[in-house]
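**Student:** I'd like to go over a predicted model; first the sequence, then the structure.
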Amino acid sequence: MADAIRVLAMDGVEKAKSGHPGMPMGMADVATVLFSRFLKFDASRPDWADRDRFILSAGHGSMLIYALLHLTGYKAATKEELSNFRQWGSKTAGHPEFGHMPGVETTTGPLGQGLANAVGFALAERHLAARYGADLVDHRTWVIAGDGCLMEGISQEAITLAGRYRLNKLTVLWDDNEITIDGKVGLSDATDQKGRFKSAGWAVKAVDGHDMHAIRAAMKWAVKQDRPTLIACRTKIGRGAATMEGSHKTHGAALGAAEIAATRLGLAWTHDPFELPDDVAAAWKKVGRRGAKARKAWEAKLAAHPQGADFTRAMSGDLPADAFEALDAGIAELVETKPAQATRASSGAALGKLFAAVPEMIGGSADLTGSNNTFVAGTPILDAPTYEGRYVNWGIREHGMAAAMNGMALHGGVIPYGGTFMVFSDYSRPSIRLAALMGIRVIHVLTHDSIGVGEDGPTHQPVEHLAALRAIPNLLVFRPADTVEAFECWRVALETKTAPSAMALSRQKTDAVRVTPASGNLSARGAYELRAANGEAKATLFATGTEVPVALKAAETLEADGTPTRVVSVPCFGLFEQQDAAYQASVIGRGTVRVAVEAGIKQGWERFIGEDGGFVGMSRFGASAPAEVLYEKFGITSEAVVAAVKARL
């Protein structure tokens, strides 16, 4: 059965003339024991909510998971898909991609991401078990990780989180083959990985990764532990290869026809590429059916469970029917009260309206709770041993937080949001990018969004970050101008199942700009006319966030000088691009002088102002001084906006 994995892996890579056969061949024995003896799943129902999650963190070895899915009978994992490995339109992408192939739980490839995702999977499982009971939620998360996963810095954030939260249903199977692309691990690393995991609170065991009895005993031990477990599986990369077993040359290239022929001979494998012996195929198909009885018993429990309907709703990602009642009532009140406050406080107010109404929401912060305004008063902390709380203290682990939130969202049943300073989105960007690639609902609360940070200086003042985040496809980047817009943006973020969101929020107070009732959610259009011109417009001003009041003041001056001026608020570039051409044209106002103002760099604003439009913003890093001084010194003022318009009239 293990040799079937080896042969399919080398055949798939050879057919594509591209790929990584070494890891699948080396970990075939471990994977065979896991799937045949321990993994709880039913190949006929890949979406079974109480299945164990299998995460291939070492995603370059994707033929391992494709072979396993094919062998166990996943309908989508056909022989044709395996033979089209890495080709246009196939479900067997070069690295596993969530949403392409049932059975692939997360997109992996950037090393360490899958391991960190797995912490989120395991954390979500524990929380949902506390919420709904072990009758509905009682499963494990299994991870295959390689040396590269453990070298990447995100792994330290992930394993210390898992140890702190005592995630006993998480097991990492480390492919301890002592090989990287360049050669032996010792070329670049001398870490005692087993000691490292132990120090983080994990239970650790080492085994011969080709001794199935030892592997089975280790897994049996792992499921009995009261903390996360690492099984160090000493393997040979390219196990079974005729002359290349143990060589780093098997890592990232096809073995070649001659080596494959010799390997087939050594394995006594006489079948053609992608063909299997009947007895081996039957044995694997039996493995794929093994969980059907448990799955059917679970479905009966679900049908009889008093919380069954709510569990099904939560796992489907649907929001409660009354999710936005308090939020909508709050918007009506805000139009009347017109509060002047920092938009980070506005976001906190929105959470206060949403949190009780949407019990799937789980918040947190990378050790900046008071600054990010992510904590809703009275919320219990999510912690061992009960896990029923809804607020996670992530610690100073922005990257680990973002990756674990991805895992939580992928698990289902929870909607994670987490906060940090916007400048530190650099630390979490790889995970934010993967969330956008996967199309999952994760919300990043990014406060201190400009030079308005003030005295902390340029290290903490994001100037290029809005442009950088907006450059990520399928990421909704919101920069609300006031509390009404913040409420509207939060609603869109929660309603959007197929994209992550980033909330860019200010430290400094800003005046209310939405002071009249509106029909519908204006921010959901991405950009809208906030202030019409008095007569036929000669100028259009665009702004986001705390610079919208700057644009409004400039418009007042221009109107007083006889220049009819309209103001457009642009809370989300991405949503504006989704509008029809007629709406976009009506908002942009071609034929008028166009000027944008934002306390960031210009990149991306050409979409609104054209090549010859004016831009009032940043072209360098910030400085240490009070916020109001910085805005004046860097020329982000209404006077500068007026001057930019007049220069172009």
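**Tutor:** Structure received.
**Student:** Could you use CA atoms for every contact and neighbour count after this?
**Tutor:** Will do.
**Student:** Pick out the residue closest to the middle of the protein.
**Tutor:** The geometric centre of the chain, computed from its C-alpha atoms, lies nearest to residue 435 (C-alpha atoms, centre = their mean), at 3.0 Å.
**Student:** So it sits against residue 442, correct?
**Tutor:** Yes: under the criterion of C-alpha atoms under 8 Å, residue 435 makes contact with residue 442 at 7.2 Å.
**Student:** which residues do the two both contact?
**Tutor:** Common neighbours of residue 435 and residue 442, using C-alpha atoms under 8 Å, 6 or more residues apart in numbering, are 406, 499, 500.
**Student:** Make a markdown table from the residues you listed and add distance to residue 639, neighbour count and pLDDT to it.
**Tutor:** A markdown table is the format used below for those (distance: C-alpha to C-alpha, whole Å; neighbours: other C-alpha atoms under 10 Å; pLDDT from 0 to 100):
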| residue | distance to residue 639 | neighbour count | pLDDT |
| --- | --- | --- | --- |
| 406 | 44 | 34 | 99 |
| 499 | 38 | 21 | 98 |
| 500 | 37 | 27 | 99 |
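**Student:** Relative to residue 298, which of these is nearest.
**Tutor:** residue 406 (26.0 Å; C-alpha to C-alpha).
**Student:** That closest one - that's part of a strand, no?
**Tutor:** No: checked against DSSP: H, G, I helix; E, B strand; the rest coil, residue 406 lies outside a strand; its state is helix.
**Student:** ok, now which ones touch it?
**Tutor:** Residue 406 neighbours (C-alpha under 8 Å, 6+ apart): 117, 120, 431, 435, 440, 442.
**Student:** so who does the nearest residue to the first one once chain neighbours are set aside touch?
**Tutor:** Leaving out its chain neighbours, the residue that sits closest to residue 117 by C-alpha to C-alpha, 6 or more residues apart in numbering is residue 407, at 4.2 Å. With contacts defined as C-alpha under 8 Å, 6+ apart, residue 407 is in contact with 106, 116, 117, 118, 119, 120, 121.
**Student:** out of those residues, what pair is the most spread apart?
**Tutor:** 106 and 119 (12.4 Å).
**Student:** Looking at the two, which is more packed in?
**Tutor:** Neighbour totals were compared for residue 106 and residue 119, and residue 119 leads with 33 against 27 (other C-alpha atoms under 10 Å).
**Student:** secondary structure class for the more buried one?
**Tutor:** From three-state DSSP, the assignment for residue 119 is helix.
**Student:** I'd say it and residue 404 touch.
**Tutor:** Yes: using C-alpha under 8 Å, residue 119 is in contact with residue 404, at 5.6 Å.
**Student:** Show me the common contact partners of the two, please.
**Tutor:** residue 158.
**Student:** The stretch 401-550 of the chain: strands as residue ranges?
**Tutor:** 415-421, 443-447, 476-478, 501-505, 509-510, 528-531, 539-543 (DSSP state E, counting those that start in this stretch).
**Student:** what's next to the third one, contact-wise?
**Tutor:** This means strand 476-478. 466, 469-470, 489, 493, 499-504, 571-575.
**Student:** ok, back up a step: distance of the residue nearest to the centre of the chain from residue 475?
**Tutor:** 8 Å (C-alpha to C-alpha, to the nearest Å).
**Student:** overlap in contacts of the two?
**Tutor:** 499, 500.
**Student:** Just give me how far the helix or strand where residue 566 lies sits from the chain centre.
**Tutor:** Residue 566 is part of strand 565-569, with elements assigned from DSSP states H and E. With C-alpha atoms, centre = their mean, to the nearest Å as the basis, strand 565-569 stands 34 Å off its chain's centre.
**Student:** do the same with stretch 62-76
**Tutor:** That offset, for stretch 62-76, works out to 24 Å (C-alpha atoms, centre = their mean).
**Student:** as a whole number, average confidence for that stretch?
**Tutor:** Taken as a whole, stretch 62-76 has a mean pLDDT of 98.
**Student:** Name the surrounding residues that touch that stretch.
**Tutor:** Contacts of stretch 62-76 (C-alpha under 8 Å, 6+ apart): 5, 8-9, 12-13, 20-21, 23-25, 28, 43-44, 46, 56, 77-79, 82, 92, 94-96, 101-104, 281, 284-289.
**Student:** May I see the buried residues of it?
**Tutor:** For stretch 62-76, the neighbour count (16 or more other C-alpha atoms under 10 Å) marks 62-74, 76 as buried.
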